[in-house]
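[1] model this:
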Amino acid sequence: MPKGPAVVSSDRKTSSREGLAEEERSARLELRSISKSFGAVKALHEVDFEIYPGEVVGLVGDNGAGKSTLTKIVAGITQADSGETYIDGRKVNIRSPSDASKLGIETVYQDLALCDNLDVVANLFLGRTQKRRFGPIRFLNEEDMERQAHDVLASLDVRTLRDVRAPVASLSGGQRQSIAVARAVMWNSRVVLLDEPTAALGVAQTAQVLALIKRLREAGLSVMLISHNLVDVFEVADRVIVLRLGRRSATFDVKGTSVEDVVGAITGAEFGVAS
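    Residues are numbered from 1 along each chain as shown. Here you go, the predicted model:
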């Protein structure tokens with residue numbers, strides 16, 4: 001077997017950002033022994049996952065490794081068959097996307113779930129419109145929503161979007177991704193799940209999205225980055241967690257490893273296992 005990379009084992013973890021033992025810090029989100037089956041197919045087998053405040057964790061693996069299933073469990077779309085979930089050390093049950101949102105967990109899916117026919121403000125407040133009352137009549141509080149839209153985009157340093165009343169259909173891929181992320185973080189979210197955020201984006205737009213992820217980390221948010229693009233993952237992640245055949249097969253400190261090491265863990269080559 002070849003000499004191993006800087007793998008952080010599950011029983012002795014080291015913080016990639018502060019040099020502190022992770023067990024001495026409180027995980028923002030922690031999953032313990034998560035298992036999920038679909039009929040005879042074991043999608044996840046006793047998977048552990050942890051992410052800390054101000055950290056970006058790349059969740060990687062081949063197709064069928066269990067990334068989507070784990071993401072859906074955190075987002076409340078699917079329930080685990082067994083295992084436990086903790087937020088800031090407190091055990092919680094996530095039975096729906098509404099439960100996840102109440103706990104400060106927001107997900108930005110690959111399709112972004114934006115309405116092309118609506119403007120930026122309307123997309124940011126989709127399903128959460130703010131209203132004001134004039135006697136018995138209630139009106140949309142357009143002025144306040146527009147102000148909050150400007151504020152959240154400014155807080156994320158989104159400079160390429162100048163008109164919050166522009167239809168989303170007229171925006172570039174990078175701008176649309178920025179809107180989806182802004183919508184996720186403007187409701188007191190603490191954990192953001194990003195599903196393939198740079199897929200189908202050009203070089204400039206990808207750089208814009210990666211810079212946005214770094215700003216989320218600087219703001220103290222915990223970011224789970226699900227991506228097949230390891231170059232992008234290494235650009236922004238602090239740690240990389242590898243899923244293989246429904247199990248957590250390895251954890252890497254990005255500063256002490258290489259893309260080749262992670263690929264080896266994804267395929268099984270690093271551990272002498274045939275892919």
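[2] low-confidence bits of the stretch 151-275 of the chain, can you list those?
    270-275 (pLDDT under 70).
[3] which residues in it form strands?
    191-195, 222-226, 239-244, 247-253 (DSSP state E, counting those that start in this stretch).
[4] now distance to Ser35 and mean neighbour count too, for the ones you listed, in TSV please.
    C-beta: built from backbone N, CA, C; applies to glycine. Output for the strands of the stretch 151-275 of the chain, formatted as TSV (distance: least, C-beta to C-beta, whole Å; neighbours: other C-beta atoms under 10 Å):
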stretch	distance to Ser35	mean neighbour count
strand 191-195	20	24
strand 222-226	19	24
strand 239-244	13	25
strand 247-253	10	21
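[5] what is the burial count for Arg90?
    9 (other C-beta atoms under 10 Å).
[6] contacting residues around the residue nearest to Leu31 when sequence neighbours are not counted?
    Nearest non-adjacent residue to Leu31, counting by C-beta to C-beta, 6 or more residues apart in numbering: Phe49, 4.2 Å away. Each residue near Phe49 by C-beta atoms under 8 Å, 6 or more residues apart in numbering is listed here: Leu29, Glu30, Leu31, Ile34, Leu59, Leu70, Ile241, Arg248.
[7] run through the bridge partners of the first one.
    The partner list for Leu29 in beta bridges (DSSP bridges) reads Ile51, Ile87.
[8] my guess is Gly54 contacts Gly220. True?
    Yes - in this structure, Gly54 is within contact of Gly220 by C-beta atoms under 8 Å, at 4.9 Å.
[9] so what sits against both of these two?
    With C-beta under 8 Å, 6+ apart as the test, Gly54 and Gly220 reach no residue in common.
[10] contact partners for the most centrally placed residue in the chain?
    Nearest residue to the geometric centre of the chain (C-alpha atoms, centre = their mean): Leu193, 1.9 Å. Counting by C-beta under 8 Å, 6+ apart, Leu193 makes contact with Thr71, Val74, Ala75, Ile105, Glu106, Thr107, Val108, Val223, Met224, Ile226.
[11] which ones among these map onto strands?
    Among the contacts of Leu193, the members falling in strands (DSSP state E) are Ile105, Glu106, Thr107, Val108, Val223, Met224, Ile226.
[12] list just the nearest of those residues to Gln208.
    Proximity of those to Gln208 (C-beta to C-beta) peaks at Val108, which lies at 14.5 Å.
[13] can you show me the strands along the stretch 1-150 of the chain?
    29-38, 41-51, 56-60, 82-87, 90-92, 105-108, 131-134, 137-140.
[14] dump the strands of the stretch 151-275 of the chain to a markdown table, plus distance to Ser155.
    Formatted as a markdown table, these follow (distance: least, C-beta to C-beta, whole Å):
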| stretch | distance to Ser155 |
| --- | --- |
| strand 191-195 | 14 |
| strand 222-226 | 15 |
| strand 239-244 | 25 |
| strand 247-253 | 29 |
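[15] so which of those gets nearest Gly268?
    That would be strand 239-244 among the strands of the stretch 151-275 of the chain, by C-beta to C-beta, at 6.3 Å.
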